[in-house]
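1. When you get a sec, could you give me coordinates for this:
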Amino acid sequence: MTAPLAIVFLGAAWVAFSYAGYPLLLLLLRRVAPLPEPRRSAEGFAPSVSVVVAVHDGEREIAGKIENTLAQRYPGRLELIVSSDGSTDRTEEIVAAYAERGVRLVSGRARLGKEAAQRAGIEKAEGEILVFTDVSARLEPNALWEIVQPFADPSIGSVSSEDAVDAAGGEGAYVRFEMALRRLESEAATLVGLSGSFFAARRALCDPWPADLASDFRTALETARRGLRAVCAPAARARFGVSDDVGAEWRRKVRTVRRGIAVLLANRDLLHPRHGRAALALWGHKAARFTSPFALAAILAGSLLGARESAWLAALVVAQLAAYTAALAALRWPSVAAFRPARLAGFFLLVNASSLVAWWHHLRGERAVTWQPTKR
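-> Model prediction:
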């Protein structure tokens, strides 16, 4: 095997493992050595719950979020805390108007970031189970009940909701893939990432709560570190829209991966095989995904290097350039994006290119702590 062909083969193998091999491995593991389903209480399980909503300048959505949360069909004690991260609009004024209905406002005068706002809310929370949800996420009526039920099993440390995205395009397909992957991880290993829009954790797992690490990813890893499982609750659904602004979506993905890389590297010891299924999930779902752009670059570089000597590699160069051109066109022109394969290629390119930029920021020592919520 020539050097260019070896480079192409290794790059393709890594991408294939990330998007196909790892899910197939989980399917096999679920079949031959499945984990038990979380035990549910036969008598009804309704521990006290504190819902923490971190918000920055959310005057357009905060009232709807509060009404949506207070309307939850939850029989136990429910506490709603809205933690403002240095909001400069009418957010805090709107929240304060709900004080008579038991909504508590935690006012952060300085803008320190989402996790800092969540930590301020945790300090005021009294519930046994802490639930974190974004201002843009609309919970289905029984979502809070459903996300709490797995905690009846003492082996469960954190629980993720299932995202319901109002999109039929690239992001819709990507979210459906992610949700299917989470269900597999829940049954065969442990989740290594929770839905940032709506997730829950035992109070003991929320101390410490670093202000500089993405809470949805870090909480799942903290769960594994303490010998507990993180699972998904498919019936606990949160719905939100997607942005049509490619630029805003690009910035959101770069920020998300930058934060994810920081969490992964801060917890890289969990990649060691001694952590068993948690290590497998971390390699397959996060490490492989974050590094796939480098593998894609290797495929292109290897095929370019060998194109003169190999007709097969020359054809592969043409195929890649055609795919990337179609992807760029789909991101640029809605008429091209109407063609589903081009739309999917565009989103795939957006995801991987944003990961490369995220690595560039990380290697330069630039960290993403504060956040600008994407308008959905």
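
2. thought R289 was touching S18?
-> Yes. Counting by C-beta atoms under 8 Å, S18 is a contact partner of R289 at 5.4 Å. Glycine gets a C-beta too; all of them are placed from N, C-alpha and C.

3. contacts for stretch 354-361?
-> Residues external to stretch 354-361 that are found in contact with it (C-beta atoms under 8 Å, 6 or more residues apart in numbering): 250, 253-258, 260-261, 289-290, 292-294, 297, 368.

4. Of all pairs in these, which one spans the longest distance?
-> Using C-beta to C-beta, the contacts of stretch 354-361 span at most 22.8 Å, a distance reached by A297 and A368.

5. how close does the residue in the chain sticking out farthest from the centre sit to P4?
-> What lies farthest from the middle of the chain is E309; by C-alpha atoms, centre = their mean that is 42.8 Å. Using C-beta to C-beta, to the nearest Å, one gets 8 Å for the distance from E309 to P4.

6. Also A353?
-> Using C-beta to C-beta, A353 is found at 23 Å from P4.

7. Equivalent analysis for L296, please.
-> 15 Å.

8. between these two, who's got more neighbours?
-> Set side by side, L296 and P4 show more neighbours around L296, with 22 against 19, by other C-beta atoms under 10 Å.

9. My understanding was that the more buried one contacts V351; is that so?
-> No. The pair L296 / V351 is not scored as a contact, 10.7 Å apart, by C-beta under 8 Å.

10. Test for you: state the pLDDT assigned to T190.
-> Looking at T190, its pLDDT is 96.

11. and it, what are its phi and psi?
-> phi -160, psi 150 (degrees, to the nearest 10).

12. per-domain residue ranges of the chain.
-> Annotated domains of the chain cover 1-28+253-376, 49-242 [automatic domain parsing].

13. and S41, which of those is closest to it?
-> The minimum distance between S41 and these falls on domain 49-242, with 4.1 Å, by C-beta to C-beta.

14. What average pLDDT does the top strand by length along the chain get?
-> Taking DSSP state E as the criterion, the chain has its longest strand at strand 229-241. In this model, strand 229-241 has a mean pLDDT of 91.

15. can you pull the buried residues of it?
-> Across strand 229-241, burial judged by 16 or more other C-beta atoms under 10 Å covers R229, A230, V231, C232, A233, A236, R237, A238, R239, F240.

16. what sits against the residue farthest from the centre of the chain?
-> For E309, the contacting residues are T2, P4, by C-beta under 8 Å, 6+ apart.

17. In three-state terms, label it for me.
-> Secondary structure, DSSP: H, G, I helix; E, B strand; the rest coil: E309 is coil.

18. For R274, see how far away it is.
-> Separation of E309 from R274 (C-beta to C-beta): 44 Å.
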